[in-house]
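K.L.:
Sequence first, then the predicted structure, then my questions.
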Amino acid sequence: MTTTTVSPRALRRARRRQSFARSWASYRSQRTGVIGLVLLGAIVILALAAPILIDESALSVTRATGGRMAPPSAEYPLGTDETGRSILALTLWGSRLSLVIGLTATVVAIVIGTAVGVTSGHIGGWYGWIALRLSDWFMVLPSLVVAIALLAVLGRSMATTITVIALVSWPGTTRLVRAQTLTVQSRPYLERAKALGAGHWHQMTKHILPNVLPLVLASATLLVPSAILMESSLAWLGLGDPSVVSWGSILNRASENGAVSAHAWWYLLPPGLAILVVVLAFMMCGRALEAVFNPRLRGES
Amino acid sequence: MTERSLPADGASLEAPSAGRGRVSSGFGRYLFKHVSGAAVSLLLVLFSSFFIFRLIAGDPIDQLTKERPVSAEQRAAMRAELGLDRPLWQQFWDYIAGTLTMDLGESFQYRRPIFDLIVERLPATLLLSGTGMVLAVLLGFWIGTRSGWKQGSRFDKGHVATGLVLYSAPTFWLGMIVILIFARYLGLFPVNGMRSPSTPPDFWSQAVDIGHHLVLPVLTYTAVVYAGYLMIMRSSILDELGSDYLTTARAKGLRDDEVRQRHAVPNALLPTVTLVFLALGSVVNGSIVTETVFSWPGLGTLFVNSIFYPDRPVLQALFVLFSSSTILAVLCAEILYWFIDPRIRRS
């Protein structure tokens, strides 16, 4: 008797909870994925807690108290930069910007990529063909060249950096989503929905999108590290927002001020290792997620 | 993003042309389809470079005359000299015609034809990225094959972990660290550049000198890139692992090494060929950064140095050159695929 009284919404929620629990169990069984997740959690907490741990005034050039590129000491555990600021403070604060840019650019890229992928796969025709050609074209172009060219003419700011990274990152998602849309499209339940009079919007949002999203999540997790790497490369080349501190811009200052010839390893190691650890953590999570959601890989590793 | 995407274990490695390759009759049609596609892509590159550098970028005269008092007549003369006083469509036409006839204009910073600059710097770029890419492909494929074959072994885990860590390192940072350790602390290699001025001019001394300068950039470049090839080859081998023909080969009594090298590897190589060509975009990305770290006198360094001058004609020409070379590389991969994969011919 009780089963008949369950509302469709509650049923749906129960099913979602179940499938989430299944995915989580499958994710948890992968050691690298768990390590990546723990690392990421720690980094995010550090980035959020930066204002509590070290005051923002530590980033000010005029109020810096340390010596010029001084090696690590009790007062400055990771040494100082050419203006006497603590490298520890810079690296800690830099994490905020690197993460924000990486995540925002990924979200923008994923939204564009998913929208174009689902619509081009579902609607097809001329629109689908053009969308496919365009994403193929973007995919072939060397992303750093496009990003540099655009930033060189658009000017340096956080908004342009995010836009440019998103612009070179969306086609991968589009291809993935489009392929998945085409598979879902041919399943009987979509035919049923169509027979019951479902419109394009209903089909896309209620039937295709939920089936595509898990894969999108996995690919988004793998897009974040490449966005962070791209941001750091651009900032290192001097194309970052000049008014903020990111890991790439710290390394840009390091090379402009001759940290390498001054043997200032403490200036180079912390920001670079920070990039490496964050990228690695995202990659570990992304690969684990991919193994969870890609049926071909299930049961492996 | 083509720059960095690692396929997961056994992720699909379908050839990009597999879905599109439903050509009914012969090589001619296949060729025409892909060549025309590439031609459209190249035209798009020309359009977008004109759009980016002439329309979004604004008036180049402002850039050229910054911080100098210039009279209106002088400005008009400069505009006429650069052809900016003509209608936009005519400028566009001149630009297309100029690019097609290799007349790329003159560099603002060097006051020389850009074509000459490119010809002068191309060998250095080809030397660095060519050596680096060949090494990365060989190393990646060699380790990837053994890694995939013994999936889950200590060898596999160790190499996948090393590859992932190096892959996560920003290229420019790795370059700086490599310089710090091998050039600054140990003094084994030169810090940057391609030649020492003191080297005698005879061929062998020059070759040894360039080789000496080449070691660190190639090391950096290979370290970052090889992991991508490792993962590609590894997942391709994983795709083959359960195949019946491998069981047959073993049943014939072949040794494990023979089964791997003579049966699994040739089949696993097939899907990787296109991926190697498709990765040319990342070759360009990697060589721009590597060249800049090591002040290697190639096209990447020229590109980066032109950003802040700003030397728009050079940026524009190199944008077109880098983009069209990746498009042409993908075209080559598609043509090559016709010859190495009989399935395309049959479908």
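P.N.:
Yep, it's here. Numbering: from 1, shown residues only, chains lettered A, B, ... in the order given.

K.L.:
residues in contact with B:Gln316?
P.N.:
B:49, B:52-53 (CB atoms under 8 Å, 6 or more residues apart in numbering or on different chains). Just so you know, the C-beta spots here come from the backbone N, C-alpha and C atoms, and that holds for glycine as well.

K.L.:
go with 6 Å
P.N.:
Residues near B:Gln316 by CB atoms under 6 Å, 6 or more residues apart in numbering or on different chains: B:49, B:53.

K.L.:
likewise B:Leu275?
P.N.:
By CB under 6 Å, 6+ apart, the residues touching B:Leu275 are B:Ile232.

K.L.:
so which helix or strand takes in it?
P.N.:
helix B:265-278 (DSSP states H and E).

K.L.:
Buried residues in that helix, which are they?
P.N.:
Across helix B:265-278, burial judged by 16 or more other CB atoms under 10 Å in any protein chain shown covers B:265, B:268-272, B:274-278.

K.L.:
and the stretch 201-347 of chain B, which of its residues are near chain A?
P.N.:
For the stretch 201-347 of chain B, the residues in contact with chain A (CB under 6 Å from any CB of the partner chain) are B:281, B:284-285, B:288-289, B:304, B:307, B:315, B:319, B:322-323, B:326-327, B:330.

K.L.:
Grab the nearest non-local neighbour of A:Ser261.
P.N.:
B:Arg184 (6.9 Å; CB to CB, 6 or more residues apart in numbering or on different chains).

K.L.:
Oh, that last question was meant for A:Phe282, not what I typed.
P.N.:
A:Pro225 (4.1 Å).

K.L.:
My assumption is that the residue nearest to A:Ser261 lies in a helix; please confirm.
P.N.:
Yes: according to DSSP: H, G, I helix; E, B strand; the rest coil, B:Arg184 belongs to a helix.

K.L.:
On the pLDDT front, check it for me.
P.N.:
Note for B:Arg184: predicted pLDDT of 82.

K.L.:
Low-confidence bits of chain B, can you list those?
P.N.:
Residue ranges of chain B with pLDDT under 70: B:1-25, B:56-69, B:83, B:347.

K.L.:
Domain-wise, how is it divided?
P.N.:
Domain assignment for chain B, taken from automatic domain parsing, gives B:15-100, B:117-340.

K.L.:
what sits against residue 232?
P.N.:
Here I'm looking at chain A. By CB under 6 Å, 6+ apart, the neighbours of A:Ser232 are A:247-248, A:275, B:170.

K.L.:
wrong one, I was asking about chain B
P.N.:
Counting by CB under 6 Å, 6+ apart, B:Ile232 touches B:272, B:275.

K.L.:
in which helix or strand would I find it?
P.N.:
Assessed by DSSP H and E, B:Ile232 sits inside helix B:203-240.

K.L.:
Can you tell me what sits against stretch A:206-224?
P.N.:
Under the contact criterion CB under 6 Å, 6+ apart, stretch A:206-224 has outside partners A:102, A:106, A:110, A:114, A:118, A:169, A:173, A:176-177, A:180-181, A:184, A:190, A:193, A:282, A:285-286, A:289-290, A:293.

K.L.:
Pull out the buried positions in that stretch.
P.N.:
Neighbour count says stretch A:206-224 has A:207-209, A:211-212, A:214-224 buried, by 16+ other CB under 10 Å.

K.L.:
And for stretch A:80-95?
P.N.:
A:80-82, A:84-95.

K.L.:
Tell me the secondary structure of the residue most central in space within chain A, please.
P.N.:
Nearest to the mean C-alpha position of chain A, by CA atoms, centre = their mean, lies A:Val224 at 1.8 Å. Following three-state DSSP, the label given to A:Val224 is helix.

K.L.:
For it, give its distance to A:Arg178.
P.N.:
Going from A:Val224 to A:Arg178 by CB to CB, to the nearest Å gives 21 Å.

K.L.:
next one: B:Ala38
P.N.:
To A:Arg178, B:Ala38 is 21 Å away according to CB to CB.

K.L.:
The two: who's more crowded?
P.N.:
More neighbours surround A:Arg178 than the other of B:Ala38 and A:Arg178, with 24 against 19 (other CB atoms under 10 Å in any protein chain shown).

K.L.:
okay, that one: pLDDT?
P.N.:
At A:Arg178, pLDDT is 89.

K.L.:
Not counting sequence-adjacent ones, nearest residue to B:Thr131?
P.N.:
B:Val218 (5.2 Å).

K.L.:
Repeat that for B:Leu31.
P.N.:
By the measure of CB to CB, 6+ apart, the closest residue to B:Leu31 outside its immediate chain neighbours is B:Ile335, 6.7 Å from it.

K.L.:
quick one on the thing from earlier: how far does the helix holding B:Ile232 sit from its chain's centre?
P.N.:
13 Å (CA atoms, centre = their mean, to the nearest Å).

K.L.:
could you give the angle of that helix to helix B:265-278?
P.N.:
Inter-element angle recorded for helix B:203-240 and helix B:265-278: 120 degrees (by axes from the mean of the first three to the mean of the last three CA atoms, to 10 degrees).

K.L.:
Now the element after helix B:203-240, going C-ward?
P.N.:
Downstream of helix B:203-240, the next assigned helix or strand under DSSP H and E is helix B:244-251.
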